[in-house]
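Enquirer: Could you look at this predicted model? Sequence included:
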Amino acid sequence: MTFKEKLKTWQSGLTGFNAWLQDIEPRILGRNNRYQPFTHTPKQKKFIKQVLATDRAGRFKHSISLNIEPRRHGKSTVFALIVLWFFTSRQNFTIQLLGSSEDHCRRVQFNTLKKIINASPKLAQLIPEQNQFAYTIQFPELRNVTQYSASNTATAFGDRINLMWCSDLHAFVDLAPFNALQASLLDSEDSLLFIDSNVDDTDGHVHGLQKEAVSDPDMLCQFTSYRDFEHYAKAAPAWIDRKKAARLQKTTFEPDFKRDILGQRSDAKNALFTSEIIQLCKSRYHAPVDDSATLTQGRAYKIGAGLDRAKSLIAGPRGDFTVWTVILKVATQGGEPKFYILNQHRFLINSTKAIKAVILEDHKRYGLDNVILENYEVSDLHSWMLENNINCELISAHDTNQNASFPEFYRIAKEGRFHFPAELATLESELSTFTYTHRKNNTYSFGHSSTKFHDDTVYSTNWAIFSLRREVLNLFEIADINCFNRSRNRHHCFLMGGNLELHCKKDCPAYDQVAIMWRQYRSFQVESEITLPDFFHSFVKVSGAVFYQSA
């Protein structure tokens with residue numbers, strides 16, 4: 001059958017797409033990092049059938065198709081294949097790609113299309129690399145083009161397009177290019193708009209489209225969410241690693257995990273510490289702790305502290321307090337360290353003399369290993385502490401430091417590893433009104449939920465915990481090392497006493513375990529540049545045996 005004859009069988013909606021799949025045999029990237037023939041899941045098959053449904057006249061029933069699913073569910077793969085079907089089965093057809101940024105569009109959409117084309121022999125024959133350019137993919141025989149450009153309004157005018165594929169709409173900070181490009185679809189018969197997205201915040205722009213689809217027959221919306229992790233583990237696509245997802249649940253904010261992984265929509269502003277977490281952290285001991293040995297019980301520990309200084313000299317009902325917090329980080333057997341507040345002092349009078357007296361007393365009592373001073377009106381304190389041989393550092397409360405420290409504070413508290421005396425009522429109250437807001441650029445802002453509340457004790461505690469971020473008390477541990485490399489270069493591997501990462505690492509279970517530990521370490525040690533081999537030699541303990549075969 002010639003190409004022109006095949007082209008006729010590809011024209012109609014779902015029937016044409018299925019014929020195209022059978023003839024072209026497109027290949028997609030699988031979980032094993034190899035390209036393999038596309039096989040849709042039952043859910044993908046149903047969605048494709050809905051997207052390509054036609055009326056009696058042969059026109060598509062839905063001019064807008066919206067797919068809202070959690071991460072790694074294959075949203076972009078399905079639309080990429082449908083886009084390629086249109087690209088190779090229509091004439092004089094212009095396809096516009098749009099992402100949250102030019103880089104995002106190139107990586108997620110444009111490069112995905114090119115990789116599928118080049119990995120699929122029959123597609124590669126139709127669209128050779130000589131027709132693939134930096135911003136366009138061309139099919140001269142049918143006079144078709146797939147294109148993308150900078151994601152701004154200035155580039156959104158002039159073109160007449162037949163199909164627009166918009167990816168990850170939830171991440172769009174500016175909707176102006178999206179709105180402007182939709183007008184380019186107005187004068188093309190049977191033009192289509194495809195949108196894939198994660199769930200966004202309540203009443204966000206994706207949520208607005210989802211609600212609009214309920215009453216608009218021209219709009220199709222597929223929305224996927226899971227009740228809880230058990231439902232997710234049972235029903236999510238087979239290619240998703242459940243163990244990695246479970247680990248992610250421990251390291252991300254609960255509302256973020258529910259939104260990004262379970263597909264549950266929530267408000268943009270959320271309480272960082274729920275009442276359950278706060279009750280988990282309250283403990284029966286008194287502060288200041290006179291003897292830290294009652295908490296350490298012979299285990300390794302470090303002492304840190306944090307100072308959050310107020311602007312006003314005298315604190316009041318509406319003014320902030322200067323707060324000093326001392327924290328104990330103690331190793332645990334077979335687990336991550338625990339944190340105990342040893343002392344927390346709120347200064348009614350914000351004087352340098354009063355602050356110095358409390359710091360000096362706590363240094364004599366506990367021996368401070370490191371102190372963080374929030375960089376506001378503390379230059380005199382900083383020089384004084386250096387003169388008194390108290391290790392300290394200045395930290396600015398900008399987004400980078402807050403986004404590095406508060407998620408770890410949350411994780412420690414959520415896992416029940418943060419403890420404060422029940423008598424610290426102010427800290428308990430401020431924890432209950434402390435919120436974080438998810439921004440459009442995937443960062444967070446932190447602070448009290450209303451101007452009538454305070455957050456001084458929370459910030460001071462956060463800096464105290466962050467002051468000990470470089471102190472690694474517990475050794476990372478793996479059971480055994482089984483080496484199957486029989487080459488003479490085996491001794492160069494860092495797992496076998498050397499300092500290099502060998503090519504055989506891709507098939508080495510021990511390497512995978514150590515790499516996961518290293519990434520977890522680096523996620524909190526934001527300033528650290530430690531390499532994987534150095535991390536292994538410094539912090540990882542092999543509790544079992546090292547097995548290898550003779551060379």
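Expert: That came in fine, so what should we check first? Residues are numbered from 1 along each chain as shown.

Enquirer: What count of nearby residues applies to residue 179?
Expert: Counted with other CB atoms under 10 Å, the neighbours of residue 179 add up to 11. No exception for glycine: its C-beta is placed from N, CA and C like everyone else's.

Enquirer: oh, I was asking about residue 106
Expert: The tally of other residues near residue 106 (other CB under 10 Å) stands at 17.

Enquirer: Would you check that it makes contact with residue 150?
Expert: No: at 10.4 Å, residue 106 and residue 150 do not qualify as touching, with contact defined as CB atoms under 8 Å.

Enquirer: Which single strand of this structure contains the most residues?
Expert: Looking across the chain with DSSP state E, the single longest strand is strand 335-347.

Enquirer: Return that one as PDB; C-alpha atoms alone will do.
Expert: Output in PDB follows, covering the C-alpha atoms of strand 335-347 (Å, rounded to 0.1, in the frame of the first residue of the first chain):
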ATOM      1  CA  GLY A 335      17.200   6.100  62.600                       C
ATOM      2  CA  GLU A 336      17.400   9.800  61.900                       C
ATOM      3  CA  PRO A 337      18.300  12.200  64.800                       C
ATOM      4  CA  LYS A 338      15.800  13.800  67.100                       C
ATOM      5  CA  PHE A 339      15.600  17.400  68.100                       C
ATOM      6  CA  TYR A 340      14.700  18.800  71.500                       C
ATOM      7  CA  ILE A 341      14.300  22.400  72.500                       C
ATOM      8  CA  LEU A 342      16.500  23.000  75.500                       C
ATOM      9  CA  ASN A 343      15.700  26.700  76.000                       C
ATOM     10  CA  GLN A 344      13.500  29.400  74.400                       C
ATOM     11  CA  HIS A 345      13.700  32.900  75.600                       C
ATOM     12  CA  ARG A 346      11.400  35.800  74.500                       C
ATOM     13  CA  PHE A 347      12.900  39.200  75.200                       C
END
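
Enquirer: could you point out which element follows that strand?
Expert: Next in sequence after strand 335-347, counting helices and strands by DSSP states H and E, comes helix 352-366.

Enquirer: And the contacts of the next helix-or-strand element following that following helix?
Expert: Scanning forward in sequence from helix 352-366 by DSSP H and E, the next helix or strand is strand 370-374. With CB atoms under 8 Å, 6 or more residues apart in numbering as the test, strand 370-374 has contacts from 302, 304-309, 359, 381-382, 385, 390-397, 459, 463-464, 466-468, 470-471.

Enquirer: Among these, which ones are in strands?
Expert: Of those, the ones assigned to strands by DSSP E are 302, 304, 305, 306, 307, 308, 392, 393, 394, 395.

Enquirer: Just give me the closest of these to residue 25.
Expert: Comparing the ones in strands among the contacts of strand 370-374 against residue 25 with CB to CB places residue 395 closest, at 56.3 Å.

Enquirer: which ones are touching that closest one?
Expert: By CB under 8 Å, 6+ apart, the contact list for residue 395 reads 372, 373, 374, 375, 401, 463, 466.

Enquirer: before we move on, what about residue 322?
Expert: 307, 308, 309, 310, 315, 346, 347, 350, 355, 456 are the contacts of residue 322 under CB under 8 Å, 6+ apart.

Enquirer: Mind listing the residues bridging to it?
Expert: Assessed by DSSP bridges, residue 322 has beta-bridge partners residue 347.

Enquirer: hang on, residue 85 in a helix?
Expert: Yes: residue state for residue 85 (DSSP: H, G, I helix; E, B strand; the rest coil) corresponds to a helix.

Enquirer: How many neighbouring residues does it have?
Expert: A count of neighbours around residue 85, defined by other CB under 10 Å, yields 21.

Enquirer: swap in residue 216?
Expert: 14.

Enquirer: For it, give its distance to residue 208.
Expert: 12 Å (CB to CB, to the nearest Å).

Enquirer: Which one of the contacts of residue 395 is nearest to residue 114?
Expert: The closest of these to residue 114 turns out to be residue 401 (CB to CB; 39.1 Å).

Enquirer: ok, the closest one - contacts?
Expert: Shown in contact with residue 401 (CB under 8 Å, 6+ apart): 395, 466.

Enquirer: rerun at 7 Å
Expert: Contact analysis of residue 401 by CB atoms under 7 Å, 6 or more residues apart in numbering lists residue 395.

Enquirer: so it is in which element?
Expert: According to DSSP H and E, residue 401 maps onto helix 399-414.

Enquirer: how many neighbours does the residue nearest to residue 16 when sequence neighbours are not counted have?
Expert: Closest residue to residue 16 apart from its sequence neighbours, by CB to CB, 6 or more residues apart in numbering: residue 10 at 4.5 Å. Close neighbours of residue 10, defined as other CB under 10 Å, add up to 20.

Enquirer: The one 4 residues further on now?
Expert: As a burial measure, residue 14 scores 15 neighbours (other CB under 10 Å).

Enquirer: So this protein: which segments form each domain?
Expert: 3-224, 275-467, 476-548 (the TED database).

Enquirer: Any chance of TSV for these, columns distance to residue 230?
Expert: Shown next, in TSV, are those (distance: least, CB to CB, whole Å):
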stretch	distance to residue 230
domain 3-224	15
domain 275-467	19
domain 476-548	23
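
Enquirer: Out of those domains, which is closest to residue 258?
Expert: domain 3-224 (9.2 Å).

Enquirer: Residue 13 versus residue 197, what's the distance?
Expert: Residue 197 is 24 Å from residue 13, where distance means CB to CB.

Enquirer: actually residue 490, not the one I typed
Expert: When distance is defined by CB to CB, residue 490 is 58 Å away from residue 13.
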